[in-house]
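J.: Generate a structure from the sequence data that follows.
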Amino acid sequence: MLNEVRSSLVNARKESLSELSRLISSYVIDSATVDDPPGLNVGALIEQLTAIPLSSAIRIRVHDAQGEVVADTRLLKDEIDRKDLPEIREPSWFERTGLDVVRAIQRTFESATGRQGIAEVRSLEQEIAMALEDKDGFSERFNEQAERVLSVTVPIRKVARVVGGLTIETSDISQVIAAERAALLPLILVAVLVAIITATLLTLGIARPLRRLAIASDRVATGAAERLNVGSLQKRKDEIGDLSRAMEEMTTSLYDRIQENERFAADVAHELKNPLTSIRSAIETSQAIHDPAIKEKMASVIARDVIRLDRLISDISNLSRLEAEIVREKLVRVDLGRLVEDLVSIYRDTAREKDAQVVLVKQGDGVIEVNGREGPLGQVIRNLIENARSFSPPQGQVTVTVSRVTIARTPTVRLVVEDEGPGIPPDKLEKIFQRFYTDRPAGAKFGNNSGLGLSIVRQITETHRGTVRAENRMADGKVSGARFIVELPAAQLSL
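T.: Residues are numbered from 1 along each chain as shown. Reported below is the predicted structural model:
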């Protein structure tokens, strides 16, 4: 930036000197030259230059056609200042190295940007020689007082002939540059201070909190901590706070999922151990007793437990498969009305004489669609219908209703499955959705309910951002059956 400022100042000074030199040259040509032969009128020239008001930093010199000085404003005005020249000494190694480095950087910068130097270094004699060849000269050099000066030399023409050269030089450029750099120094200090403050704020406000999050995550990953503990970060109202809360919720969800899987494994082991223990006891009893009636009874116990094991293993396998499908499959538009209609027609066509009849009630016109996965949603419908049929009396009725409603200004698809069974105890309306929970009605066959059906329904519904709940149907103040209500966000209608 300082180099750009210096370049701009030098270029501006060059333009002003060039303009001044052209004006004075034109003035000299009009009033201080002769025609025959073409040349300079030294007397008139000195008189004219003496009359020009100039600052102490400006010096004008005029040379004749032979390059000899014929006029010098500093000599004419008797304004020669006596100054001691700086002591001549050999520069130290450090100074030479520093100068070489600066020059190398400058050459590299000019080469990379295609920029040329500010001004060439020429002697006064070289400038005069250029002017006598009818060329303008501009250079930067040191004068005899060891001052850095900018110099412009232009030819003086008379009747298409160069009769001399006019040199204007100024020694105030160093002071102007120094003043400009001094004026920029507060700006630079403020910029550095702002950069330091900004870096500090970024470190305190972003880098350190992110590092705390990373350390806390590493502790959870390595097992040093069970849950993510970010302290006060979650109370922040910015993006860091949002990230902290999201990560804490994520790790809490993962931890709960791990605990749930551990409980599920323990429950599976327990549920599988019960029929296996019963089978082993029945086999040992059959081997120890020779009564055919008791052996037949033990055989029926074994058959019943095998059916229960088969149902448990099938439901556990379906649950694992559904979890994998939920993770892999993408959400698509599913026509839930058509899916319910197809499944109800299958149950209706395959029903036996004593089975409860499944009836579909479709409310409203048009397509009833949700964003979801067809396989898991079909499993929800099947589980609810099979659960309702298992609790319904022989030749009873299971009613399936699907409709499109609006809840809290949100389009929602509602699926309702109702049966004519004994209903649900009020204290079990939520417990029935737990894994391996089963409450069989009197006379129901043992082994037909694994306790996973409704748990699967809730898991699939929640992964589709929906809800499921159970309630009892009431008629004349008495429970007339159970009702399961599934509500899912409706897909946006296509235009």
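
J.: Run through who's touching stretch 202-219.
T.: For stretch 202-219, the surrounding residues in contact (CB atoms under 8 Å, 6 or more residues apart in numbering) are 225, 228-231, 233, 236, 240, 243-244, 247, 251. All C-beta spots, glycine's among them, are computed from the backbone N, C-alpha and C.

J.: The closest residue in space to R161 that isn't next to it in sequence bridge partners, please.
T.: By the measure of CB to CB, 6 or more residues apart in numbering, the closest residue to R161 outside its immediate chain neighbours is P38, 4.9 Å from it. Going by DSSP bridges, P38 is paired in beta bridges with D35.

J.: distance of P38 from L49?
T.: Look at P38 and L49: by CB to CB, to the nearest Å, they are 20 Å apart.

J.: the more surrounded of the two?
T.: Looking at P38 and L49 with other CB atoms under 10 Å, you find the greater number of neighbours at L49, namely 22 against 16.

J.: mind listing what that one touches?
T.: By CB under 8 Å, 6+ apart, the residues touching L49 are 60, 62, 71, 73, 76.

J.: Just the buried residues of these.
T.: When burial is judged by neighbour count using 16 or more other CB atoms under 10 Å, the buried members of the contacts of L49 are 60, 62, 71, 73.

J.: Find the helix or strand that the closest residue to the last one other than its chain neighbours is a member of.
T.: Meaning T73. Counting by CB to CB, 6+ apart, T73 lies nearest to I60, which is 4.5 Å off, once chain neighbours are set aside. According to DSSP states H and E, I60 maps onto strand 58-64.

J.: That strand pairs with which strands, and in what direction?
T.: With DSSP bridges as the test, strand 58-64 pairs up with strand 69-72 (antiparallel), strand 162-170 (antiparallel).

J.: Any chance you could list what contacts the first one?
T.: What that stands for is strand 69-72. When contacts are taken as CB under 8 Å, 6+ apart, the neighbours of strand 69-72 outside the stretch itself are 40, 42, 45-46, 49, 59-64, 164.

J.: List only those of those residues flagged as buried.
T.: Neighbour-count burial within those applies to 40, 45-46, 49, 59-64, 164; the criterion is 16+ other CB under 10 Å.

J.: can you tell me which of these lies nearest to V301?
T.: When the buried ones among the contacts of strand 69-72 are compared for distance to V301, the smallest value, 124.7 Å, is given by R59; criterion: CB to CB.

J.: how near is that closest one to T170?
T.: If you measure R59 against T170 using CB to CB, the figure is 8 Å.

J.: okay, the strands paired with strand 58-64 in JSON lines with mean pLDDT and distance to K354 next?
T.: As requested, the strands paired with strand 58-64 are arranged in JSON lines below (pLDDT from 0 to 100; distance: least, CB to CB, whole Å):
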{"stretch": "strand 69-72", "mean pLDDT": "87", "distance to K354": "131"}
{"stretch": "strand 162-170", "mean pLDDT": "88", "distance to K354": "117"}
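
J.: Reformat these as a markdown table; add distance to I385.
T.: What follows is the strands paired with strand 58-64, written out as a markdown table (distance: least, CB to CB, whole Å):
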| stretch | distance to I385 |
| --- | --- |
| strand 69-72 | 115 |
| strand 162-170 | 101 |
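
J.: Pick the most deeply packed of the ones you listed.
T.: The highest mean neighbour count among the strands paired with strand 58-64 belongs to strand 162-170 (a mean of 23), with neighbours defined as mean count of other CB atoms under 10 Å.

J.: quick one: buried residues of whatever helix or strand comes next after that strand?
T.: Going down the chain from strand 162-170, the next helix or strand is helix 173-202, by DSSP H and E. Within helix 173-202, the residues that qualify as buried are 173, 176-177, counting by 16+ other CB under 10 Å.

J.: Same check on stretch 477-485?
T.: Of the residues in stretch 477-485, those with enough neighbours to count as buried (16+ other CB under 10 Å) are 480-485.

J.: what's the answer for stretch 381-400, then?
T.: Buried, per 16+ other CB under 10 Å, within stretch 381-400: 381-392, 396-400.

J.: Which residues does it contact?
T.: 339-340, 343-344, 347, 353-361, 415-422, 441, 444, 448-449, 453-454, 456-457, 481-482, 484, 486.

J.: tally of neighbours for I58?
T.: 17.

J.: so what's the residue nearest to it when sequence neighbours are not counted up against?
T.: The spatial neighbour of I58 that comes closest, neighbours along the chain excluded (CB to CB, 6+ apart), is T170 at 5.4 Å. By CB under 8 Å, 6+ apart, the contact list for T170 reads 13, 17, 57-59, 149-150.

J.: check contacts around T406.
T.: T412.

J.: Going by secondary structure, it is in what exactly?
T.: With the criterion set as DSSP H and E, the secondary-structure element containing T406 is strand 397-407.

J.: What strands line up against that strand, and which way round?
T.: According to DSSP bridges, strand 397-407 has the following sheet partners: strand 357-362 (parallel), strand 410-418 (antiparallel).

J.: Could you give the average pLDDT over the longest one?
T.: What it means is strand 410-418. Here strand 410-418 scores 92 as its mean pLDDT.

J.: How far away from the center of its chain is it?
T.: Relative to its parent chain, strand 410-418 has a centroid offset of 38 Å by CA atoms, centre = their mean, to the nearest Å.

J.: just checking, next helix/strand downstream of it?
T.: On the C-terminal side of strand 410-418, the nearest following helix or strand under DSSP H and E is helix 453-463.

J.: May I see the buried residues of that following helix?
T.: Taking 16+ other CB under 10 Å as the neighbour-count basis, helix 453-463 is seen to contain the buried residues 453-461, 463.

J.: What is the lowest-pLDDT residue among those residues?
T.: Scanning those for pLDDT, the low point is G453. It has 81.

J.: confidence score at the residue nearest to that residue when sequence neighbours are not counted?
T.: If the residues on either side of it in the chain are set aside, G453 comes closest to N383, at 4.3 Å by CB to CB, 6+ apart. Reported pLDDT at N383 in the predicted model: 89.

J.: just the angle between the helix or strand hosting N383 and helix 453-463, please?
T.: With elements delineated by DSSP H and E, N383 resides in helix 374-391, which encompasses its position. Per axes from the mean of the first three to the mean of the last three CA atoms, to 10 degrees, the angle that helix 374-391 makes with helix 453-463 is 150 degrees.

J.: Run the chain-centre distance for helix 374-391.
T.: For helix 374-391, the distance from its own C-alpha centre to the chain's C-alpha centre is 43 Å (CA atoms, centre = their mean).

J.: send the alpha carbons of it over as PDB?
T.: C-alpha atoms of helix 374-391 as PDB (Å, rounded to 0.1, in the frame of the first residue of the first chain):
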ATOM      1  CA  GLU A 374     -44.200 -48.100   1.100                       C
ATOM      2  CA  GLY A 375     -42.800 -51.200   2.700                       C
ATOM      3  CA  PRO A 376     -42.600 -50.000   6.300                       C
ATOM      4  CA  LEU A 377     -46.000 -48.100   6.000                       C
ATOM      5  CA  GLY A 378     -47.500 -51.400   4.800                       C
ATOM      6  CA  GLN A 379     -46.100 -53.100   7.800                       C
ATOM      7  CA  VAL A 380     -47.800 -50.500  10.100                       C
ATOM      8  CA  ILE A 381     -51.200 -51.200   8.400                       C
ATOM      9  CA  ARG A 382     -50.800 -55.000   8.600                       C
ATOM     10  CA  ASN A 383     -49.700 -54.900  12.300                       C
ATOM     11  CA  LEU A 384     -52.700 -52.800  13.300                       C
ATOM     12  CA  ILE A 385     -55.100 -54.900  11.400                       C
ATOM     13  CA  GLU A 386     -53.700 -58.200  12.700                       C
ATOM     14  CA  ASN A 387     -53.700 -56.800  16.300                       C
ATOM     15  CA  ALA A 388     -57.300 -55.700  15.900                       C
ATOM     16  CA  ARG A 389     -58.300 -59.100  14.500                       C
ATOM     17  CA  SER A 390     -56.600 -61.000  17.300                       C
ATOM     18  CA  PHE A 391     -58.600 -59.100  19.900                       C
END
